[in-house]
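Chemist: Sequence and computational prediction follow.
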Amino acid sequence: MSENLAKDLRALTELTGELPQIVVAYCRKHSSLFFLVAFSLACLVISTVGLFLDPRIINGEHAWIKPFKFSCSLTIYGLTLFWFSHYLTKHKRFFKRVCQASAIGAGIELPSIMVQVVRGTTSHFNYATTFDHVMAMITVSAIMPVAFGVVALFIMLLREERLPHVLGLSLRWGVFITIVGFVPGIIMLLPERMQEMIQFCSQVNGHSVGLEGGGQGLPFLGWSAVAGDLRVAHFLGIHGLQALPFFGLFLESFATRLTLLRQKLMVWNFGFLYLSFVLVLTWQALCAESILAPSLGTIIVALSVLLVCVLAAACILWLPSTVAPAFVAATADERLE
């Protein structure tokens, strides 16, 4: 026993000694992602310092809240791409181009936001002067490579043939929900005439609906507490990129007693639930309802979706497989594995 323990400790020591070399080699292989994460982390540090040292308030929010949140989001996005790169064995050159485009976009987006913070004004939806208009267009355009990169990532995952069964399904679900989460962001950026084409969307003003400027916001998040706010659905949607894969990883790691079919059905069920809430929150915002004061109709829809998914999860987990003969033929090969 002691000999085995000694061998394990020696192996761990050797691995720890080689870890820096492994990290350096991996960062060189994915230099664009390394730049994206490192640059976003640097901006996050600067924004954090600004939160503590700069007491200014811009448009009802702490001046450095927006660059702080964007830096966090892009750092998480870069780390997520690092994770996804392990499973993308095809189209490696295309994935590299996607990472390069995302890194360039982040390298323009974050400094643009911080420049406007230093100037004491907002970066998005700010057309007060010619310079502000130009900066607003830069911030919108710079994030587009990141958005298009997610769409490209979804296509690559669909074409990937060697993904793990459960985790692969959750990766595809997560990227798909992220694409849907871009829709509220696109609505924010639409010209006024196009916004008015949506009947119940005639009072959209940037991210707020029903009240210009959005009024009083929630602490830190800044989401409107008195009007509809498209940022809520946008936030939930884009972070499906992490939520669904982590759910799939949880099933593969800790729900090993479930059959492969049941694990996949759980991913489908959670993906449907997550997507439904993104859509419900989008509808709620467009109806000018605050996240704190949903209408009775919104509450009924949300609770109905939740109830259906809870019942579906209970059926997936506890009903005998014999009650679902429709799945037998389709999953015969999987049960043999």
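Modeler: Structure received.
Chemist: ok, how many other residues are close to Ile299?
Modeler: Residues contacting Ile299 under the criterion other Cβ atoms under 10 Å number 12. (C-beta placed from N, C-alpha, C; glycine too.)
Chemist: Buried residues, the helix or strand encompassing it. List them.
Modeler: Secondary-structure element containing Ile299, defined by DSSP states H and E: helix 296-318. Buried residues in helix 296-318, counting neighbours by 16 or more other Cβ atoms under 10 Å, are found at 298, 301-302, 305, 309, 312, 316.
Chemist: now the strands for the stretch 151-300 of the chain?
Modeler: 204-205, 208-209, 228-229 (DSSP state E, counting those that start in this stretch).
Chemist: what does the helix holding Ile299 contact?
Modeler: Applying Cβ atoms under 8 Å, 6 or more residues apart in numbering, the set of residues contacting helix 296-318 from outside is 258, 262, 265-266, 269-270, 272-273, 276-277, 280, 283-284, 287, 289, 294.
Chemist: Pick the one among the buried residues of helix 296-318 closest to Met135.
Modeler: Minimum separation from Met135 among the buried residues of helix 296-318 (Cβ to Cβ) is found for Thr298, which lies at 35.5 Å.
Chemist: Next one: that closest one, what pLDDT does it get?
Modeler: Thr298 is assigned a predicted lDDT (pLDDT) of 88.
Chemist: Report the separation between it and Thr130.
Modeler: If you measure Thr298 against Thr130 using Cβ to Cβ, to the nearest Å, the figure is 41 Å.
Chemist: Between which two of the contacts of helix 296-318 is the distance greatest?
Modeler: Within these, Leu258 and Cys287 form the most distant pair, 38.7 Å apart (Cβ to Cβ).
Chemist: which sections of the stretch 201-337 of the chain are below the confidence cut-off?
Modeler: Residues of the stretch 201-337 of the chain meeting the criterion pLDDT under 70: 201-207, 210-217, 220, 321-337.
Chemist: So which residues of it form helices?
Modeler: 231-238, 240-254, 260-286, 296-318, 332-336 (DSSP state H, counting those that start in this stretch).
Chemist: In terms of pLDDT, where does Met197 sit?
Modeler: 63.
Chemist: hmm, I was thinking of Lys69
Modeler: In this model, Lys69 is scored at 90, pLDDT.
Chemist: Could you report the neighbour count for it?
Modeler: Lys69 is surrounded by 19 other residues when neighbours are defined as other Cβ under 10 Å.
Chemist: where does it fall, helix, sheet strand or coil?
Modeler: With DSSP: H, G, I helix; E, B strand; the rest coil as the basis, the three-state label of Lys69 is helix.
Chemist: now it: how far from Ile76?
Modeler: 11 Å.
Chemist: Which residue is the nearest non-sequential neighbour of Val140?
Modeler: Beyond its immediate neighbours in the sequence, the residue positioned closest to Val140 (Cβ to Cβ, 6 or more residues apart in numbering) is Leu189, lying 6.0 Å away.
Chemist: picking that back up, what angle do the helix holding Ile299 and helix 260-286 make?
Modeler: Between the axes of helix 296-318 and helix 260-286, defined by axes from the mean of the first three to the mean of the last three Cα atoms, to 10 degrees, the angle is 170 degrees.
Chemist: Spell out for me which residue occupies the centre of the chain.
Modeler: Averaging the C-alpha coordinates of the chain gives a centre point, and the residue nearest to it by Cα atoms, centre = their mean is His239 (2.2 Å).
Chemist: State the distance from that residue to Gly248.
Modeler: Separation of His239 from Gly248 (Cβ to Cβ) stands at 15 Å.
Chemist: same deal with Ala147?
Modeler: Separation of Ala147 from Gly248 (Cβ to Cβ): 23 Å.
Chemist: more crowded one of the two?
Modeler: Using other Cβ under 10 Å as the criterion, Ala147 and Gly248 rank with Gly248 on top: 27 against 17.
Chemist: separation between the closest residue to that one other than its chain neighbours and Ile291?
Modeler: Distance criterion Cβ to Cβ, 6+ apart; nearest residue to Gly248, sequence neighbours excluded, is Ser170 at 2.6 Å. In this structure, Ser170 and Ile291 are separated by 27 Å, where distance is defined by Cβ to Cβ.
Chemist: Repeat that for Leu319.
Modeler: Leu319 sits at a distance of 36 Å from Ile291 (criterion: Cβ to Cβ).
Chemist: All the helices of the stretch 51-200 of the chain, residue numbers only.
Modeler: Taking DSSP H, counting those that start in this stretch as the test, the helices found in the stretch 51-200 of the chain are 65-85, 92-119, 130-142, 144-159, 165-189, 192-196.
Chemist: what's the least confident stretch among those?
Modeler: Per-stretch mean pLDDT for those is lowest at helix 192-196 (a mean of 63).
Chemist: Count the neighbours of His91 for me.
Modeler: Other residues within reach of His91, judged by other Cβ under 10 Å, total 17.
Chemist: contacting residues around it?
Modeler: For His91, the residues meeting the contact criterion (Cβ under 8 Å, 6+ apart) are 156, 159.
Chemist: ok, now which ones touch Ile179?
Modeler: 150-151, 154.
Chemist: State the distance from it to Glu289.
Modeler: As defined by Cβ to Cβ, Ile179 lies at a distance of 24 Å from Glu289.
Chemist: Which PyMOL command selects the buried ones in the contacts of Ile179?
Modeler: Those of those that meet the burial criterion (16+ other Cβ under 10 Å) are gathered into one PyMOL selection, given here:
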select buried, resi 150+154
